[in-house]
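Trainee: what shape does this take:
(one chain, ligands or ions: 1)
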Amino acid sequence: MNTPIYDFLENYKCSGGVRAHMPGHKGSGTGGFASAYPYDITEIKGADSLFEAEGIIAESEKNAASLFGTAATFYSAGGSTLCIQAMLAAVCGRDRAFICARNSHRSVMNSCVLLNLEPCWVYPEYKDGSAVSGVFTPEAVEAAISRYAEKNPACVFITSPDYLGRLAPIKEIAEICHKHGLPLLVDNAHGAYLAFLEESLHPIALGADMCCDSAHKTLPVLTGGAYLHAADGRYIPEIKRCMALFGSTSPSYLIMASMDLCNGYLAANYRARLAEAVERVNRFKEHFNFLCEGDTEPLKVSFYAYPCGLRGYQLAEQLRSSGIEPEYADETHTVLMFSASSTEQDFARVTEAAEKLMCPRILLRAPEIKAHEPKRAKLPRDAFFAEKETVDTESALGKIAAESVTVCPPCVPIICPGEIFDEMTIKILKMYSIFKVNVLK
Ligand SMILES: Cc1ncc(COP(=O)(O)O)c(C=O)c1O
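Mentor: The predicted structure follows:
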């Protein structure tokens with residue numbers, strides 16, 4: 001597969017011309033990044049322009065679309081965050097309601113503030129004491145569609161995989177959405193690789209109308225690189241306009257070139273390498289089934305810490321002491337992410353460290369966190385821009401949240417702007433060691 005963005009940068013680097021244009025480093029620099037500076041350019045002649053792409057960027061995006069099997073794929077150098085803003089703006093416009101799974105990332109709530117959207121929540125069945133992950137059923141989505149029918153929601157938005165790696169039943173949810181004439185948008189930030197499994201688990205293959213993938217989270221792409229995929233032509237004219245509304249006018253060519261090179265990587269022997277990594281993760285999960293959540297996506301290991309007599313943060317510290325840095329840790333869980341670039345030695349080291357976790361301790365009991373459904377007093381935008389003050393979490397009962405409060409930034413909000421602190425919310429926040437919050441005055 002050709003790599004038009006990377007090839008253009010390589011030729012420009014070799015041309016040796018005077019860089020009488022941005023950026024200020026003029027193609028050279030010192031230190032560990034010295035070899036990156038020559039490739040870091042701006043929109044010079046021939047380099048195309050991300051949000052009005054007609055040249056090398058459009059060609060590279062077409063390559064990505066053919067690899068992912070989409071009607072169109074657009075690059076983002078602003079992560080899935082920019083894709084989520086653009087998807088919601090393209091489908092909802094402003095001042096609309098939409099059905100939204102409660103395990104959504106903070107960027108969804110930020111989009112609600114920016115666009116004055118009203119999220120009508122679908123709640124999961126919470127499991128193992130985690131307030132950031134749960135099991136979403138198609139029935140719960142259908143019930144929400146009926147419950148909020150009078151609000152005329154613009155779409156259904158779900159997150160899958162979630163922070164702990166749980167996958168939603170996208171195929172069944174898509175069928176329900178389409179039966180009710182609603183498009184399904186999926187935050188697939190953690191799942192770009194799902195398109196390359198033996199049997200694709202990618203949202204577009206399962207019936208979603210649009211989705212975003214953070215390429216940088218699971219593929220060899222620089223941080224910030226993401227895809228916005230569309231299943232058909234309906235929203236294509238709006239997407240780039242909406243991406244341009246929120247995105248920087250100077251998207252990084254280093255990021256875009258890494259996405260371009262990634263196309264070549266995916267088209268070569270990626271499927272075989274991925275299958276090998278999945279097999280290794282499977283073996284690991286089977287061996288440590290006492291510790292690992294069983295129903296998680298193929299490249300994620302979610303340790304449920306309580307059965308080892310540890311809190312998630314403590315388990316993460318134990319792994320760090322063996323030289324392993326986890327992706328995420330909270331009160332109950334510690335999450336490791338692997339990819340096709342993880343080596344056999346990586347797996348051997350993680351296995352050795354996990355063996356040490358198995359020593360006998362007193363088991364901890366999972367906290368009770370069902371019924372976490374704080375009531376809403378104001379729309380997210382109105383609450384976010386209102387006058388606020390900081391109070392102890394303990395004394396926030398009955399007050400209105402001024403902003404999203406997350407377990408570890410950015411993550412999934414436990415309470416969103418405009419919602420009222422109730423007893424369960426305060427209990428959960430304290431469980432996650434959050435002792436100060438911003439409330440409306
Ligand atoms: C579920 C989920 N959605 C969206 C995002 C935002 O992605 P990005 O960092 O690519 O902007 C994240 C980031 O952590 C995430 O975990």
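
Trainee: okay, the residue in the stretch 51-200 of the chain positioned nearest to the ligand: pLDDT?
Mentor: Residue nearest to the ligand within the stretch 51-200 of the chain (C-beta to the nearest ligand atom): Gly79, separated by 2.3 Å. Yep, even glycine has a C-beta here, placed from its N, CA and C like the rest. Gly79 is assigned a pLDDT of 98 by the prediction.

Trainee: for it, grab the count of nearby residues.
Mentor: By other C-beta atoms under 10 Å, the residues close to Gly79 number 20.

Trainee: and it, how far from Phe157?
Mentor: 17 Å (C-beta to C-beta, to the nearest Å).

Trainee: list the contacts for the residue of the stretch 51-200 of the chain closest to the ligand?
Mentor: Counting by C-beta atoms under 8 Å, 6 or more residues apart in numbering, Gly79 makes contact with 189, 214, 216, 223-226.

Trainee: tabulate those (TSV), appending distance to the ligand.
Mentor: Formatted as TSV, the contacts of Gly79 follow (distance: C-beta to the nearest ligand atom, whole Å):
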residue	distance to the ligand
Ala189	4
Ser214	4
His216	6
Thr223	8
Gly224	7
Gly225	8
Ala226	5
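
Trainee: may I see the PyMOL selection of the buried members of the residues you listed?
Mentor: With 16 or more other C-beta atoms under 10 Å as the criterion, this PyMOL line picks the buried residues out of those:
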select buried, resi 189+214+216+224+225+226
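
Trainee: among the contacts of Gly79, name the ones in helices.
Mentor: His216 (DSSP state H).

Trainee: pLDDT below threshold where in the protein?
Mentor: Along the chain, the parts satisfying pLDDT under 70 run over 128-129, 360-363, 365-372, 409-411.

Trainee: how about the residues of it that lie near the ligand?
Mentor: 79-81, 105, 107, 159, 187, 189-190, 214, 226, 410 (C-beta under 6 Å from any ligand atom).

Trainee: from the contacts of Gly79, pick the one nearest Asp295.
Mentor: Of all the contacts of Gly79, the one with the least separation from Asp295 (C-beta to C-beta) is Ala189, at 18.9 Å.

Trainee: quick one: contacts for Leu197?
Mentor: Leu197 neighbours (C-beta under 8 Å, 6+ apart): 274-275, 278, 298.

Trainee: would CSV of those with distance to Gly207, neighbour count and secondary structure be doable?
Mentor: Converted to CSV, the contacts of Leu197 look like this (distance: C-beta to C-beta, whole Å; neighbours: other C-beta atoms under 10 Å; DSSP: H, G, I helix; E, B strand; the rest coil):
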residue, distance to Gly207, neighbour count, secondary structure
Leu274, 22, 23, helix
Ala275, 24, 15, helix
Val278, 23, 18, helix
Pro298, 20, 21, coil
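
Trainee: max pairwise distance over those: which two?
Mentor: Ala275 and Pro298 (9.6 Å).

Trainee: setting the sequence-adjacent residues aside, check what's closest to Pro119.
Mentor: Using C-beta to C-beta, 6 or more residues apart in numbering and skipping the chain neighbours, the partner closest in space to Pro119 is Cys100 (3.9 Å).
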